[in-house]
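**Q** When you get a sec, could you give me coordinates for this:
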Amino acid sequence: MTDPRDSRAIRLEPATDEEPAMLMTSMIDVIFIVLAFFVCVSEVKKGQLAVDVPEVPSADASPAPSSQEPIVVEVTGDDRVFVCGESARTDDELTRLIAYQVERLGKDAAVHLSGDRQAKNGTMMRVVSHLSRAGLKRIEFAVQAGG
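**A** Residues are numbered from 1 along each chain as shown. So this is what the prediction gives:
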C-alpha cells in the first residue's frame, strides 16, 4: 500500500451530489436546424383568396350584340376626358355629362372606356370612380392587343 503522505499518490475525491442535467445548447441548435429545414422545403400556398373574375371572350370571338348604344368615355394623352364626344374639363362637368348619359340610356348601359397610353393612371381611376358613383356597372375597357 502506498503511504497517504506520499506526494506521488493519487487521491480520489468522493463524488459530489450534482443533479444529472442535459445540455440544452446543442438541443436548441438541433431544433433551429430542423426548423430552418422545414421552412426551406415547405410549399408556400399561393392564391388562397377567392376572387370572382369575369370571363373575357377570346380575341377571336365577336362581342355580343348590344341592344343599345354604349356610353363612350375617352381619356387623351394630356388627361382630357370626353364623354360621348363632349369635353369634361372639371369633375363637375364630368359628373354632369355622365348623369345626362345615364338619364338618356339608363344605368344598364355599357360604358366603353378607352385611355391613351400616355394618360395618367390617376385620371383613369378618377373617371372610373365617377362612372361607379353614377350607378354604371358595365364598364368595358378598350384595349389594343399586343401592347
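**Q** from here on, contacts and neighbour counts on C-alpha atoms
**A** Fine.
**Q** Tell me which residues of stretch 88-104 come out buried.
**A** Of all the residues in stretch 88-104, those buried under the rule 16 or more other Cα atoms under 10 Å are 88, 94-95, 97-99, 101-102.
**Q** Now go through those residues and say which are in strands.
**A** Among the buried residues of stretch 88-104, DSSP state E puts A88 in strands.
**Q** mind listing which of the buried residues of stretch 88-104 are in helices?
**A** Counted as lying in helices by DSSP state H, out of those, are 94-95, 97-99, 101-102.
**Q** What ranges does the chain have for its strands?
**A** Here the chain has its strands, by DSSP E, at 71-75, 81-83, 86-88, 111-115, 139-142.
**Q** Indicate which one of the ones you listed is closest to D17.
**A** Of all those, strand 139-142 sits nearest to D17, with 83.2 Å by Cα to Cα.
**Q** What residues sit buried inside the closest one?
**A** Buried-residue list, strand 139-142, by 16+ other Cα under 10 Å: I139.
**Q** What of stretch 111-129?
**A** Across stretch 111-129, burial judged by 16+ other Cα under 10 Å covers 111-115, 123-124, 127-128.
**Q** pLDDT on the helix of greatest length in the chain, on average?
**A** Identified as the longest helix of the chain according to DSSP H is helix 24-41. Across helix 24-41, the average pLDDT comes to 87.
**Q** and what of stretch 130-140?
**A** 89.
**Q** Kindly report the same for stretch 69-81.
**A** Taken as a whole, stretch 69-81 has an average pLDDT of 88.
**Q** first to last residue in it, what's the distance?
**A** One end of stretch 69-81 sits 19 Å from the other (Cα to Cα, to the nearest Å).
**Q** Measure how far it is from the centre of its chain, please.
**A** Its chain's C-alpha centre and that of stretch 69-81 lie 27 Å apart, by Cα atoms, centre = their mean, to the nearest Å.
**Q** What are the contacting residues of that stretch?
**A** Contact with stretch 69-81 is made by 82-85, 87-89, 94, 101, 105, 109-120, 123-124, as judged by Cα atoms under 8 Å, 6 or more residues apart in numbering.
**Q** And for stretch 101-120?
**A** Here stretch 101-120 makes contact (Cα under 8 Å, 6+ apart) with 68-79, 124, 134-143.
**Q** Pull out the buried members of these.
**A** The buried subset of the contacts of stretch 101-120 - by 16+ other Cα under 10 Å - is 70-76, 79, 124, 134, 136, 139.
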